[in-house]
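Participant: Kindly return the folded structure for what I paste below:
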Amino acid sequence: MVSLPPSPLSTSLQARLATPLSIGDFQVNSRVLQSPLSGVTDLVFRQLVRRYAPNSMMYTEMVNATGLHYVKQLPKLMEIDPNERPISIQLFDCRPDFLAEAAQMAVAEGADTVDINMGCPVNKITKNGGGSSLLRQPEIAEAIVRSVVQAVNVPVTVKTRIGWSDKEINAVEFARRMQDAGAQMLTLHGRTRAQGYNGAARWEWIARVKQALTIPVIANGDIFSVEAAVRCLEMTGADGVMCSRGTLGYPFLVGEVDHFLKTGELRQPPTPIERLQCAKDHLQMLWEYKGDRGIRQARKHMTWYAKGFMGAADLRGQLALVETLDQGVTLIEKAIAQLAQDDRTTETSLPQLSSPQFVEV
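Facilitator: Sure, this is the predicted structure:
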């Protein structure tokens, strides 16, 4: 399936996006951010995204502030490379004092900003008062932000949703409270907690929040392409976009959007062979970073890469079961060789097509 090309940027949007994103007194030379994703945005994944988007803000997986309070050694979730900037560490909890303590640890690790998760819809997070449950406890959410702001000397940001359910949409009021408490940026996912990841993101609520705030507002939800990012920015007037699920098996997306916003030009999308080469790099890097545990974690990533070409379904099934680095590398290299052979056969037997054709598998 070929996505539609993005519309040209309006003059006003282009002018605004040409300037750095200011988060308090910290500046980022990109208006496109990589979302924190639990079980995904570890050091390895961030390095791959940064290949194509070197100036974009990256986020760690969310870290439990209560867990940090009781451990002597910081978890790998907080591990960042000294050279990977800009970088934010995301925290979650419902205890202002624990979050303030955790924020100080995050800054000591090298975080340029501290992000507080107030949007995660997962039951195991919300039942303990964290994530999107804070939308129903705005007084506690406000106390959290005030406590963290007082504890650290870097900007504090918030990521949240438009409300708990369709009957409890309080995005504008909640966002105002976060700003008044000292948050320097707010990222808004255009769904309620009840929606989870179902249905369409309601960008119109992001537009309303943007109109109500003076701090930067970042739009999140359904940013799966350059075209979607441009439509979202035009509709919402947001100060930037955050890519989430669109980067699963596609760490190229943040860079593609960033490049278009800065130049008005589309990058050539990676071929299936280039995507599989990236998958092989991902596997190798996870093995080097985490050993056998990295191989297990790589299974999901590799299946996400294996889409959009003939034979992808069979390859996904095999990659989901890999036990060793050599096994995974062999499968990927075999698939690359087959695709290369298919390309050579096509070039010699078919006329050149005017536009790329993709097979949905």
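
Participant: Can you report how many residues neighbour residue 80?
Facilitator: By the criterion of other CB atoms under 10 Å, residue 80 has 20 neighbours. Every residue, glycine included, has its C-beta placed from N, CA and C.

Participant: how far away is the closest residue to residue 196 other than its chain neighbours from residue 233?
Facilitator: Leaving aside its sequence neighbours, residue 196 sits nearest to residue 121 (CB to CB, 6 or more residues apart in numbering; 5.2 Å). Here the criterion is CB to CB, to the nearest Å. By it, residue 121 lies 24 Å from residue 233.

Participant: which of those two has more neighbours?
Facilitator: residue 233 (26 against 19).

Participant: one step back: next, the residue nearest to residue 196: secondary structure please.
Facilitator: Of the three states, residue 121 takes coil under DSSP: H, G, I helix; E, B strand; the rest coil.

Participant: Please identify the buried residues of the one helix or strand residue 256 maps to?
Facilitator: Using DSSP states H and E, residue 256 sits within helix 253-263. Neighbour counts over helix 253-263 (16 or more other CB atoms under 10 Å) mark 253, 254, 255, 256, 257, 258, 259, 260, 261, 262 as buried.

Participant: Look up the pLDDT of residue 360 for me, please.
Facilitator: At residue 360, the pLDDT value in this model is 28.

Participant: scratch that, residue 348 is what I was asking about
Facilitator: 45.

Participant: Show me what the helix or strand containing residue 241 is packed against.
Facilitator: Per DSSP H and E, residue 241 falls inside strand 240-243. Here strand 240-243 touches strand 32-34, strand 217-220, helix 226-236, helix 253-263, going by 3 or more CB pairs under 8 Å, 6 or more residues apart in numbering; DSSP states H and E.

Participant: and the next element down the chain from the first one?
Facilitator: Pointing back at strand 32-34 there. helix 43-52.

Participant: Give me the residue ranges of the protein where confidence is low.
Facilitator: For the chain, residues meeting the criterion pLDDT under 70 lie at 1-8, 72, 344-361.

Participant: same thing but at 80, please
Facilitator: Scanning the chain for pLDDT under 80 picks out 1-10, 12, 14, 71-74, 76, 342-361.

Participant: So which residues make contact with the single longest helix found in it?
Facilitator: The longest helix of the chain (DSSP state H) is helix 325-349. Helix 325-349 is touched from outside by 272-273, 276-277, 279-280, 283-284, 287, 295, 298, 302, 306, 309-311, 315, 318-319, 322, with contacts defined as CB atoms under 8 Å, 6 or more residues apart in numbering.

Participant: Apply 10 Å and report the result again.
Facilitator: By CB atoms under 10 Å, 6 or more residues apart in numbering, the residues outside helix 325-349 that reach it are 271-284, 286-288, 291-292, 294-295, 298-299, 302, 305-306, 309-312, 314-315, 318-319, 321-322, 324, 352-353, 357.

Participant: Mark which of those are buried, thanks.
Facilitator: 272-273, 275-284, 286-287, 294-295, 298-299, 302, 305-306, 309, 312, 315, 318-319, 322.

Participant: Mark which of those are part of strands, please.
Facilitator: With strands taken from DSSP state E, there is no overlap with these.

Participant: Okay, strands next: where are they in the stretch 51-200 of the chain?
Facilitator: 58-59, 63-64, 87-92, 113-118, 156-163, 185-192 (DSSP state E, counting those that start in this stretch).

Participant: Which strands and helices lie in contact with the second one?
Facilitator: This points to strand 63-64. Applying 3 or more CB pairs under 10 Å, 6 or more residues apart in numbering; DSSP states H and E, we find strand 63-64 packed against strand 87-92, helix 96-109.

Participant: starting at the chain centroid, how far to the shortest one?
Facilitator: Using CA atoms, centre = their mean, to the nearest Å, the distance from the centre of strand 87-92 to the centre of the chain it belongs to is 12 Å.

Participant: Go through it and flag the buried ones.
Facilitator: For strand 87-92, by 16+ other CB under 10 Å, it's 87, 88, 89, 90, 91, 92.

Participant: Include distance to residue 216 when you put those residues into TSV, please.
Facilitator: Below are those laid out as TSV (distance: CB to CB, whole Å):
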residue	distance to residue 216
87	17
88	13
89	19
90	17
91	19
92	21
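
Participant: my read: residue 237 touches residue 13, true?
Facilitator: Yes. Applying CB atoms under 10 Å, one finds residue 237 in contact with residue 13, separated by 8.1 Å.

Participant: wait, doesn't residue 43 sit right on residue 59?
Facilitator: No. Contact between residue 43 and residue 59 fails when scored by CB under 10 Å: they sit 12.0 Å apart.

Participant: of the two, who's got more company?
Facilitator: Comparing residue 43 with residue 59 by neighbour count (other CB under 10 Å), the higher total belongs to residue 59, at 25 against 20.

Participant: still on that earlier bit, quick one: the residue nearest to residue 196 and residue 162, what's the gap?
Facilitator: Residue 121 sits 12 Å away from residue 162, going by CB to CB.

Participant: shared neighbours, these two?
Facilitator: 132, 189, 191, 192, 193, 195.

Participant: In terms of distance to residue 37, which of the residues you listed ranks first?
Facilitator: Checking the shared contacts of residue 121 and residue 162 against residue 37 with CB to CB, the nearest one is residue 189 at 12.2 Å.
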